[in-house]
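A.B. asks: I'll drop the sequence and a predicted model, then ask my questions.
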Amino acid sequence: MTRDPVAAAVAACAASLRAPEAEAIGRALTARGIDAAKLYAMVERVTEDPASQSALGALKTALVSVTGDERDAFERFVIETATVNRPPETKTVSEGVTRLIAASLDRVATRSSTPRLSIGSSRFVTLCKIVTGRRFPAGQFDWEISGVPRSALLRVPRSRLPSVLAFVAFHMGGVGPVMFSHLSPFRTNKALDEAEANRSYARMARTLERQPHVKGFAAWSWFRSPGTHAVSPHLAWLSRVFLEHGGFVSEAGPDDPAHGALHRSATRRRLYEQGEYVPTKGLVMWPRRAMIEWARSRPELHD
C-alpha cells in the first residue's frame, strides 16, 4: 500500500521539530505563552497584507538570540509546527495536488527552499496559506477559493460589459466560489510555459470533480490580457485554451507597470516608454463543466 505523501511530509516536519535548534525555539515560545494552537492561529491569519504578519515578525525579532543567524529557522519552525498541529486536508483535491502539497511541506522540512523563506516573502505567505488549507499548489499555478473579483468586473470596458455579465450569469452561474489562479512562487520554470500551464489546469479540473460547489476557474493579471498578447504574441497561448474550450477572456482595466508587465521584456518596456503600450489586466473565466470536459479530453496531462 502506497504511503500517503502528505502523512510522510508531516512526519518529516515532526522529525525536523525534534532537532535541537527547533526545540530551543519551541521552549522560547512556550516561555512567552505561545503554544502550537496559538501559533497555528497566527499562521491562519497570514495574508499578503504586511500587517497580518506583524505578530510573527515581532516574535522572530524577540527570538533572535535563540535562532541566531541560522537561515529562516523561525519561519520553518512556524510552518512545521502548523503542519504537525493540524495536517492539511487533501480528501477533496486531486492526487497530483496532494503530491504537490506534500512536496511543499518536504521543501520546508528538508531546508531546500531557495531563495530565502522569510516573513514578508511571497513564498512564506504561500506556505502559510497551503498549510492552513487556503491555497493549493497545481504546478506553475496555484489557486485559492474566492470569487470573480468585482473590482475586475467594474474595470471591463463598457462595450464588453454586457457580454461579460451574461457569461457570469449564464455560464459561470455566478461570481463564486471559483478557483482563483495565482502564479506559484515555487514554480521551477520562471518563464511561463504552455505545457506546464495546461498541467496545472488539468490538476485543478480533477479537483473540480471532487468539489461540486465550485463554479469554475478565474484569473485576473497582466499576462492574461489581450493587450499584452497584442504586443507579445508569444504569450497568446495563455488565452487559447480558454477561448477554444468554452471560456471567456476580456480586458479588465489598467495595471501598474511595476507589477510585472515590463519585467523581462525589452519589447514591452520599449513600447511603454514610447507611449505605444499601456499595461492592462485580462480577466479569464472558465466554467466548471467546460474545464472538466477539456481535462477529460487530455489524459496525457493527468498524474
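C.D. replies: The structure has been received and is ready for your questions.

A.B. asks: Need the nearest residue in space to Trp237, chain neighbours excluded.
C.D. replies: Spatially, and ignoring its direct neighbours in sequence, Trp237 is nearest to Glu194 (4.7 Å; C-beta to C-beta, 6 or more residues apart in numbering). Placement of C-beta: from N, CA and C, glycine included.

A.B. asks: Now do the strands in the protein.
C.D. replies: 136-137, 141-146, 178-183, 216-221, 248-254, 280-287 (DSSP state E).

A.B. asks: Please name every helix or strand in contact with the third one.
C.D. replies: Contact analysis of strand 178-183 by 3 or more C-beta pairs under 8 Å, 6 or more residues apart in numbering; DSSP states H and E lists strand 141-146, helix 194-208, strand 216-221 as its packing neighbours.

A.B. asks: Could you rerun that using 10 Å?
C.D. replies: helix 122-131, strand 141-146, helix 194-208, strand 216-221, strand 280-287, helix 288-296 (3 or more C-beta pairs under 10 Å, 6 or more residues apart in numbering; DSSP states H and E).

A.B. asks: mean confidence for it?
C.D. replies: In this model, strand 178-183 has an average pLDDT of 98.

A.B. asks: List the pairing partners of that strand within its sheet, with orientation.
C.D. replies: Taking DSSP bridges as the criterion, strand 178-183 pairs within the sheet with strand 141-146 (antiparallel), strand 216-221 (parallel).

A.B. asks: any idea how far stretch 63-80 is from the chain center?
C.D. replies: 24 Å (C-alpha atoms, centre = their mean, to the nearest Å).

A.B. asks: Please report the separation between the first and final residues of that stretch.
C.D. replies: Criterion C-alpha to C-alpha, to the nearest Å; first-to-last residue distance in stretch 63-80 is 17 Å.

A.B. asks: List the buried residues in it.
C.D. replies: 63, 66-67, 72-80 (16 or more other C-beta atoms under 10 Å).

A.B. asks: any idea of the mean pLDDT for it?
C.D. replies: For stretch 63-80, mean pLDDT is 87.

A.B. asks: and what of stretch 220-240?
C.D. replies: Stretch 220-240 shows a mean pLDDT of 96.

A.B. asks: Walk me through the domains of this protein.
C.D. replies: For the chain, whose domains are defined here by automatic domain parsing, the residue ranges read 5-137, 141-301.

A.B. asks: How far does the last one sit from its chain's centre?
C.D. replies: I take that to be domain 141-301. Domain 141-301 sits 14 Å away from the centroid of its parent chain (C-alpha atoms, centre = their mean).

A.B. asks: I figured Leu243 hits Met285, correct?
C.D. replies: No: between Leu243 and Met285 there is no contact, the gap being 11.3 Å when judged by C-beta atoms under 10 Å.

A.B. asks: Comparing these two, which residue is more hemmed in?
C.D. replies: Met285 (26 against 12; other C-beta atoms under 10 Å).

A.B. asks: Excluding sequence neighbours, find me the nearest residue to that one.
C.D. replies: Using C-beta to C-beta, 6+ apart and skipping the chain neighbours, the partner closest in space to Met285 is Phe248 (4.7 Å).

A.B. asks: Could you check the pLDDT of that neighbour?
C.D. replies: The per-residue pLDDT reported for Phe248 equals 98.

A.B. asks: what does Arg187 give?
C.D. replies: Looking at Arg187, its pLDDT is 89.

A.B. asks: neighbours around Glu273, how many?
C.D. replies: Glu273 has 10 neighbours, counted by other C-beta under 10 Å.

A.B. asks: next one: Gly260
C.D. replies: Residues near Gly260, counting by other C-beta under 10 Å, number 15.

A.B. asks: What of Arg206?
C.D. replies: For Arg206, the tally of surrounding residues (other C-beta under 10 Å) stands at 21.

A.B. asks: I figured it was touching Phe136, is that so?
C.D. replies: No: between Arg206 and Phe136 no contact is recorded; they are 11.7 Å apart, counting by C-beta under 10 Å.

A.B. asks: Can you work out which residues contact both of these two?
C.D. replies: The contact sets of Arg206 and Phe136 overlap at 93-94, 97 (C-beta atoms under 10 Å, 6 or more residues apart in numbering).

A.B. asks: Bridged to Ala218, which residues?
C.D. replies: Those that pair with Ala218 in a beta bridge, by DSSP bridges, are Phe180, Met285.

A.B. asks: gap between it and Pro5?
C.D. replies: With distances defined as C-beta to C-beta, to the nearest Å, the gap from Ala218 to Pro5 amounts to 28 Å.

A.B. asks: Good, we can wrap up now.
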